[in-house]
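Asks: I'll drop the sequence and a predicted model, then ask my questions.
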Amino acid sequence: MSGVIHWAEAVGDDWSRVLAELTRAFAVSRASAQAEESFVYVVRQDDLLGRRGPGNAMVATGLLSAARTAALEGARKGWTVNIVAFDEGTDPEAVHAWAQRLLDSGDVTGELVHLGLGHLGKTLA
Amino acid sequence: MNGVVVVTGAARGIGRAVAEKLAETGPISVVGVDIAPELALSEHITPIQVDLTSPEGPSLVRETVEAAGAPLIGLVNNAGITRDARLVNMSDDHFAQVLEVNLGATFRLSAELAPLMSDGGSIVNIASRAYLGNFGQFNYSMSKGGVVGLTRALSLSLAPAVRVNAIAPGLISSEMSLAIPEEIRAKMVASIPLARMGTTEEIANTVWWLLTPLSSYITGEVIVVGGGRSLS
């Protein structure tokens, strides 16, 4: 199944870079929604917990919330939205494979998949 | 508590309820951002009107705090707007406006005021239950999700001196929710286990609790105040 895998980029703590990164995700998401195509965001687990500073945290958790909202909208049209969070050191190929698996599934939406152990014992995202 | 608390979006709704709650429980000086002078009902509230998305906005708030001559013990980032649309129809402008006000202003004001916060101070960010996902609010949900991440990051970087938490209100009786068509609002209320909208005072009470030492071992958390709606 076709779809888009969107990797969040590191932004530092400058607001203009945060906004640019979130705007980039918005553009990709809206284009996918208009084409009725599924999409997957990829973020770092550390950023969901705020460990690499506010800029990266705002992007990661912003994307998670956006994925949940877009999933509600896509459910009516048959496209899905999911998010993969990976620990530092995770093989990028494994991340890509999981993202592709979510795109291909067609019946999983609004889910956060963690790759690694970094989420265990931590706050629910 | 004795010192200064800054409350943004204090002209109406949740922000106004927070400012009034703080003013009546003093001795606290409240810097109410966005309040016109004629709307400041208490002598304990210093009204200022600034555009927090402007380059000089946060520094104007800082100057007001410094002029107050008392320690900054709290910051309540409450200002927010909605520009709802389905994702497929959402405009670039409406996306940017919501992100700038709800997230950018919260980030920039927190960064400006954090160095002034006194030991034991507390920052409370008003997120929204929409951070869990809400149809037709891609921009709003993203912005409030970002507030959650910002809260977590600041709680780590400002510890142990300053605590940082977020509140995620559900459907609250305010101008924002009363703009929702009555028929839709009734359906929303029907899905709330506590069977009613929340009040701005109930959010103010939670903010007050997070600002005080009563919550002294809590930081980096999101407290959902939504009548159980996240379960039903």
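Replies: Yes, it's here. Numbering: from 1, shown residues only, chains lettered A, B, ... in the order given.
Asks: Quick one: the strands in chain A, in order.
Replies: A:3-7, A:38-44, A:81-86, A:112-115 (DSSP state E).
Asks: if I look at B:V224, how far off is A:L124?
Replies: 12 Å (C-beta to C-beta, to the nearest Å). Where C-beta positions appear, they are placed from N, C-alpha and C, glycine not excepted.
Asks: Tell me the secondary structure at B:S122.
Replies: In three-state terms, and counting by DSSP: H, G, I helix; E, B strand; the rest coil, B:S122 is strand.
Asks: List the residues that contact it.
Replies: By C-beta atoms under 8 Å, 6 or more residues apart in numbering or on different chains, B:S122 lies in contact with B:73-75, B:162-165, B:210-212, B:215.
Asks: Remind me what the lengthiest helix in chain B packs against, helices and strands.
Replies: In terms of residue count, the longest helix belonging to chain B (DSSP state H) is helix B:138-158. Counting contacts by 3 or more C-beta pairs under 8 Å, 6 or more residues apart in numbering or on different chains; DSSP states H and E, helix B:138-158 is packed against helix A:15-34, helix A:54-74, helix B:92-99, helix B:105-113, strand B:117-126, strand B:163-169.
Asks: just the angle between that helix and helix B:92-99, please?
Replies: Helix B:138-158 and helix B:92-99 are oriented at 30 degrees to each other (axes from the mean of the first three to the mean of the last three C-alpha atoms, to 10 degrees).
Asks: Give me the residue at the spatial middle of chain B.
Replies: By C-alpha atoms, centre = their mean, chain B has its centre lying nearest to B:N78, at 2.1 Å.
Asks: Now the longest helix of chain B: average pLDDT?
Replies: The average pLDDT within helix B:138-158 is 98.
Asks: Any idea how far that helix is from the middle of the chain?
Replies: 12 Å (C-alpha atoms, centre = their mean, to the nearest Å).
Asks: List the buried residues in it.
Replies: Judged by neighbour count (16 or more other C-beta atoms under 10 Å in any protein chain shown), helix B:138-158 contains these buried residues: B:138-156, B:158.
Asks: residues near residue 79, how many?
Replies: With no chain named, the answer covers chain A. 22 (other C-beta atoms under 10 Å in any protein chain shown).
Asks: wrong one, chain B
Replies: By other C-beta under 10 Å, the residues close to B:A79 number 22.
Asks: I figured it hits B:G13, correct?
Replies: No - counting by C-beta atoms under 8 Å, B:A79 sits too far from B:G13 to count as a contact (10.1 Å).
Asks: for the most far-flung residue of chain B relative to its centre, helix, strand, or coil?
Replies: Farthest-out residue of chain B from its mean C-alpha position, per C-alpha atoms, centre = their mean: B:V88, at 28.4 Å. Under three-state DSSP, the three-state class of B:V88 is helix.
Asks: what separates it from chain A, distance-wise?
Replies: 5 Å (C-beta to the nearest C-beta, to the nearest Å).
Asks: who touches that residue in this structure?
Replies: By C-beta under 8 Å, 6+ apart, the residues touching B:V88 are A:30, A:33-34, A:73.
Asks: Is A:V40 in contact with A:G3, as I believe?
Replies: Yes - applying C-beta under 8 Å as the test, A:V40 and A:G3 come out as touching, 6.9 Å apart.
Asks: more crowded one of the two?
Replies: Of the pair A:V40 and A:G3, A:V40 is the one with more neighbours under other C-beta under 10 Å, namely 26 against 21.
Asks: how close does that one get to A:D87?
Replies: 17 Å.
Asks: Next: B:G15.
Replies: Distance from B:G15 to A:D87, counting by C-beta to C-beta: 39 Å.
Asks: more crowded one of those two?
Replies: The neighbour comparison of B:G15 against A:D87 (other C-beta under 10 Å) goes to B:G15, with 28 against 14.
Asks: quick check, the more buried one in a strand?
Replies: No - applying three-state DSSP, one finds B:G15 to be helix, outside a strand.
Asks: Run a quick neighbour tally on B:A36.
Replies: 11.
Asks: which regions of chain B lie under the pLDDT threshold?
Replies: B:27, B:37-41 (pLDDT under 70).
Asks: low-scoring stretches of chain A, by residue?
Replies: Short version for chain A, where the test is pLDDT under 70: A:1.
Asks: Show me which residues of it are close to chain B?
Replies: Residues of chain A lying near chain B by C-beta under 8 Å from any C-beta of the partner chain: A:13, A:15, A:18-19, A:22-23, A:26, A:29-30, A:33-34, A:47-54, A:56-73, A:110, A:123.
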